[in-house]
Each structure stands twice: as structure tokens, then as C-alpha cells.
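# Structure for this input, please:
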Amino acid sequence: MQWETVIGLEIHAQLATRSKIFSGASTAYGAEPNTQACAVDLGLPGVLPVVNEQAIAMAVRFGLAIDARITPRSVFARKNYFYPDLPKGYQISQYEAPIVAQGRITIDVDGAQKTINITRAHLEEDAGKSLHEDFHGASGIDLNRAGTPLLEIVSEPEMRSAAEAAAYMREIHRLVRYLGICDGNMQEGSFRCDANVSVRPLGQQAFGTRAEIKNLNSFRFIERAIEFEVVRQIELIENGGKVVQETRLYDPDKDETRPLRSKEDAHDYRYFPDPDLLPVAVSADYIESIRATLPELPRAKLTRFVNEFELSQEDATLLANDLETANYFEQAIASRPGQAKQTANWLSGELFAALNRDNLAIAASPIKPTQLGQLVERIVDGTLSGKLAKQVFATMWSSGRDADDIIAAEGLRQVSDTHLIEVAVRDILAQNPEQVEQLRAGKDKVLGFLVGQVMKKTGGKANPALVNQLIKAALAN
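Next up, the predicted model:
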């Protein structure tokens with residue numbers, strides 16, 4: 001039997017507010033356990049939650065970016081369940097009236113585009129964290145995360161492969177970072193995903209029984225987890241078994257999913273409107289004021305890079321994929337748009353290699369955008385050869401100095417004086433008669449050797465293009 005995979009994702013993006021969604025406690029990462037949980041977060045008697053307006057604004061910002069409907073009157077509800085790290089015994093979330101509904105986003109998979117519809121994006125508070133290490137058979141509870149604002153982004157079950165799911169997750173990750181509403185740090189848990197996976201016979205309309213894989217915080221892991229789960233479900237059904245609706249965890253070390261608990265349905269949570277929180281009313285004027293602050297979105301930026309700077313689709317995608325990289329590139333060519341292609345090459349080549357080697361984000365690069373722009377300009381105007389430019393780049397990286405300062409101080413200016421290079425060419429040709437004859441006989445590879453010898457004789461400073469030209473001219477005479 002042939003099978004079809006059905007996947008829907010629930011992405012949890014931690015909103016980049018300084019305080020929690022219903023209290024003034026800090027959301028900063030890395031504090032000592034239980035030092036950032038106030039009376040509201042702990043659910044102590046007599047305290048009342050107050051919604052953080054910035055969380056509302058960020059949710060609206062996201063909704064506008066995915067061309068969704070912004071709900072004019074959204075409601076917070078209580079989602080009732082017991083878990084040790086849920087101090088109130090319920091989670092404040094949104095159920096029947098989420099703030100964002102019916103959006104869409106486009107993904108790219110294997111050279112083709114596909115639109116994935118987004119059912120809803122709703123606001124909710126995060127729970128705390130259970131700690132199982134170093135407690136000798138017991139668990140500790142850290143409530144620093146309790147009350148941290150989350151935007152839960154729920155897709156329609158329209159993805160049909162693990163690759164599509166990973167592409168969708170990447171697209172949402174890129175978008176929330178562009179919008180400035182989430183830092184996207186997966187290692188710190190500020191961007192994570194639950195995957196609902198089922199299979200059905202090809203051509204069947206009814207959905208199969210789904211399993212939910214919880215807390216995937218890696219693009220690679222989501223692909224591997226879904227691929228394993230699909231095979232597991234197909235083998236189970238084909239061997240006469242039935243898929244059970246349950247929550248599962250992915251173990252990356254064993255590359256497998258395993259059961260965690262049975263999966264509840266919405267009615268099991270006994271949702272009801274939170275009596276301590278008023279409905280959130282969002283006016284048309286408020287929505288338009290936020291729309292006016294939207295940045296250029298990733299796909300629009302990619303298209304502009306291709307059209308305005310004549311970059312290849314591949315280069316434009318690489319640059320536009322990350323907002324900080326895109327900003328670095330645009331700052332580097334701010335007054336030099338004509339050298340966009342060369343700058344893109346240096347950014348994706350030498351700069352990325354140095355950043356990866358030293359494990360640095362582009363924002364922490366020792367070479368600032370204007371400095372890289374100046375270096376590329378010296379290549380374009382003939383001051384530096386490619387080899388000399390790499391030498392200057394290395395000194396810039398280690399010292400933070402400008403290219404022009406290094407060129408002047410170390411005498412690295414490329415030699416383009418025709419007379420001086422002609423002298424070097426005559427000497428090298430005279431010293432290598434055998435190679436000269438081979439070149440005259442049509443062995444073109446020898447030209448590279450002769451050019452290299454001239455470059456060596458000039459300390460690497462001769463203009464390589466001029467050296468090529470003068471060697472060919474000398475042999476033609």
C-alpha cells in the first residue's frame with residue numbers, strides 16, 4: 001500500500017518583551033532558578049494578571065506579516081491541567097478567539113514553492129521547567145520561565161514531508177527574527193516546535209490517528225523525528241496494529257521517538273474565559289499604526305537583492321536569509337552599489353569562513369561593514385590583487401584596522417606599472433625557456449606557472465591580469 005504523510009506544526013515563539021505577559025517579572029535568560037518569578041507568576045492568592053501591551057503589539061505585527069485576520073476582540077482563557085511546573089494549575093492561553101487567524105506563508109522545497117495556511121496564532125504564557133539532574137532521584141522546579149509570553153503559531157495539516165515541515169519552520173523562524181518579535185534562539189528554548197504527524201492510504205480523505213512529537217528545537221531534529229515517526233506508524237499499521245493518539249518525545253541520540261503520555265483533546269482541558277482578564281480590543285487605527293512599522297519582509301528583500309543588485313538567486317537567498325547578514329551587506333555597499341556582486345562574494349566567502357572559524361555571529365565581526373566595503377573597493381579599483389586582498393583581510397580581522405591604513409603601512413599596493421612588470425616578465429621568460437616553448441606549442445596550463453613566477457618575483461604585488469597580458473604579448477613577438 002502507498003501512504004501519504006500528513007503534518008501540522010505548532011510553533012512556540014517566545015516574544016522579545018523585557019517583562020512577562022501578565023507580570024512585571026524579567027524574561028532575561030540564564031538567571032539563577034526561581035529568581036525571576038513574582039507573586040503573579042506563582043499564582044498566589046489575591047494577585048491579578050495585567051496583560052503586557054507589547055505582547056499584543058508583537059502578535060498583531062506577526063499577523064500582518066502573514067496576511068492574516070486580526071481579531072478585533074480576542075479573549076484569554078484558562079487551560080486547566082496539572083503539571084508540577086504549572087503553579088496555578090492552569091495556563092492562561094487563547095482558545096475560541098485567538099488574536100490572529102487565517103494567515104499564510106510560502107515555503108521553498110526542492111525548487112518549488114508551496115503555500116501553507118496558518119490556522120491561528122494565539123498568545124499564552126509559558127510554564128516553568130522541571131529539572132531532573134543532580135537531585136538524586138527527585139526533580140526540581142524552576143519557575144523563571146513561568147509567565148514568559150509565547151506566540152503559538154498553528155499551521156493547517158498541509159505539509160506532506162519532513163522536508164516541507166523543516167522548510168516551514170525555517171520560514172517562520174526567519175520571519176519572527178525579521179519582525180523583531182523573537183530572537184529565535186533554539187538552544188535557549190525561545191523557538192521550539194511540536195509536530196503532529198499521521199499517515200493515511202494515498203487517496204484517502206479522512207485523516208489518520210496523529211501522534212504529537214513535543215519540543216523539537218532544531219531544524220535537523222524535526223526532519224529526523226518526523227521521518228522516524230512516519231516509518232514507525234506505517235510499519236505499525238501494516239503489521240496489524242493501530243496508531244494511538246499520544247504525545248511522544250524525540251531522542252536524538254537514539255534517533256527515535258518514544259511515548260511520553262496519552263494525548264488530550266481540547267475538551268479535556270475544560271477551557272473557559274479567564275475571569276481576571278478583560279477581552280483584548282484591537283482597533284483598526286491600532287492595527288494600521290503597527291502596519292506602518294513593518295520592515296521589509298524576507299521574500300521582498302530577496303527579490304530586491306536579485307533585481308536591484310543583479311545577484312544570483314543563490315547569493316540573494318544566502319544574504320537575505322538572516323536579517324543581520326542582510327543589514328551588514330547593505331551597509332557595506334551603501335555608497336558602492338556597483339560592487340554588490342564582489343561584496344556578496346567576499347561576505348559569503350572570506351567573512352563567513354572567519355566567523356565560522358572563530359564561532360562569531362556577524363554582529364560581532366571585527367571587520368565592520370564599511371571596512372569590508374572599502375576592502376572590496378580596493379580590489380575593484382586595482383589597488384589590490386585577490387591574493388593581496390586576502391592578506392589585508394587577515395590583518396583587518398586581527399587588528400580591526402581599515403584596509404587603506406594597512407595598505408599604506410605595509411606597502412601592499414598592487415603594482416600596475418607596465419614597465420616594471422615587463423622587466424619581470426622578460427627575466428622570467430629568459431629563465432624558463434622550456435616552459436616558454438611548451439606554451440608556444442599550445443600547452444596553456446604552463447601560463448599559470450609563468451604568471452606565478454612573475455608574481456613571486458614581484459612579491460605578489462603585480463597585477464595578475466596585466467602579467468597575463470604581457471606574457472602573451474611577449475610570446476607573440
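# In this structure, where's the longest strand?
In the chain, with assignment by DSSP state E, the single longest strand is strand 112-125.
# Determine how far that strand lies from the middle of the whole chain.
Centroid separation between strand 112-125 and its chain, computed with Cα atoms, centre = their mean, to the nearest Å, is 17 Å.
# can you tell me the average pLDDT over that strand?
For strand 112-125, the mean pLDDT works out to 96.
# Can you list the strands that it pairs with?
Paired strands of strand 112-125, with direction, are strand 100-109 (antiparallel), strand 149-155 (antiparallel) (DSSP bridges).
# will you turn the ones you listed into a markdown table that also has distance to Trp346 and mean pLDDT?
Where C-beta positions appear, they are placed from N, C-alpha and C, glycine not excepted. As requested, these are exported to a markdown table (distance: least, Cβ to Cβ, whole Å; pLDDT from 0 to 100):
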| stretch | distance to Trp346 | mean pLDDT |
| --- | --- | --- |
| strand 100-109 | 26 | 95 |
| strand 149-155 | 36 | 97 |
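# Of the ones you listed, flag the one that's most buried.
With neighbours defined as mean count of other Cβ atoms under 10 Å, the strands paired with strand 112-125 peak in mean count at strand 149-155, which reaches a mean of 23.
# From the chain's centroid, how far away is that strand?
Relative to its parent chain, strand 149-155 has a centroid offset of 17 Å by Cα atoms, centre = their mean.
# cool, stretch 271-280 as well?
Mean-position distance between stretch 271-280 and its chain equals 35 Å (Cα atoms, centre = their mean).
# That stretch: end-to-end distance?
Chord length of stretch 271-280, first to last residue, is 17 Å (Cα to Cα, to the nearest Å).
# in the longest strand of the chain, what counts as buried?
For strand 112-125, burial by neighbour count (16 or more other Cβ atoms under 10 Å) applies to Lys114, Ile116, Ile118, Thr119, Arg120, Ala121, His122, Leu123, Glu124, Glu125.
# Which of those sits closest to His12?
Glu124 (8.5 Å; Cβ to Cβ).
# closest to Pro366 out of the strands paired with strand 112-125?
Among these, strand 100-109 comes nearest to Pro366, with 33.2 Å by Cβ to Cβ.
# need the strands paired with strand 112-125 in CSV with distance to Ser26, can you?
Output for the strands paired with strand 112-125, formatted as CSV (distance: least, Cβ to Cβ, whole Å):
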stretch, distance to Ser26
strand 100-109, 26
strand 149-155, 12
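# Pro259 looks like it's in a strand, true?
Yes: membership of Pro259 in a strand is supported by DSSP: H, G, I helix; E, B strand; the rest coil.
# Ok, which of the strands paired with strand 112-125 comes nearest Ile66?
Nearest of the strands paired with strand 112-125 (Cβ to Cβ): strand 100-109, 3.4 Å.
# Give me the residue at the spatial middle of this structure.
Centroid check for the chain by Cα atoms, centre = their mean gives Arg174 as the closest residue, at 4.8 Å.
# Skipping adjacent residues, who's closest to that residue in space?
What sits nearest to Arg174 in space, not counting adjacent residues and going by Cβ to Cβ, 6 or more residues apart in numbering, is Pro298, at 5.2 Å.
# do Thr119 as well
Val154 (4.7 Å).
# contacting residues around the one you found?
Gly8, Leu9, Glu10, Ile118, Thr119, Arg120, Ala121, His122 (Cβ atoms under 8 Å, 6 or more residues apart in numbering).
# so what's it bridging to?
Beta-bridge partners for Val154, by DSSP bridges, are Glu10, Arg120.
# ok, it to Ala13 distance?
12 Å (Cβ to Cβ, to the nearest Å).
# again with Asn356
26 Å.
# Can you pick out the residue with more neighbours from the two?
Ala13 (28 against 9; other Cβ atoms under 10 Å).
# Could you pull up the contacting residues of Thr370?
By Cβ under 8 Å, 6+ apart, the neighbours of Thr370 are Gln331, Ala332, Ala334.
# Pull out the buried residues from the residues you listed.
Buried by 16+ other Cβ under 10 Å: Ala332, out of these.
# nearest to Arg69, of the contacts of Thr370?
Taking the contacts of Thr370 together and measuring to Arg69 by Cβ to Cβ, the closest member is Gln331, at 36.3 Å.
# Surely that closest one touches Leu372?
No: assessed by Cβ atoms under 8 Å, Gln331 is found out of contact with Leu372, at 9.0 Å.
# Just give the nearest non-adjacent residue to Leu447, would you?
According to Cβ to Cβ, 6+ apart, the nearest residue to Leu447 is Leu439 (5.9 Å).
# List the contacts of the helix or strand the one you found falls within.
Using DSSP states H and E, Leu439 sits within helix 433-440. Contact with helix 433-440 is made by Leu429, Val446, Leu447, Phe449, Leu450, Leu475, as judged by Cβ under 8 Å, 6+ apart.
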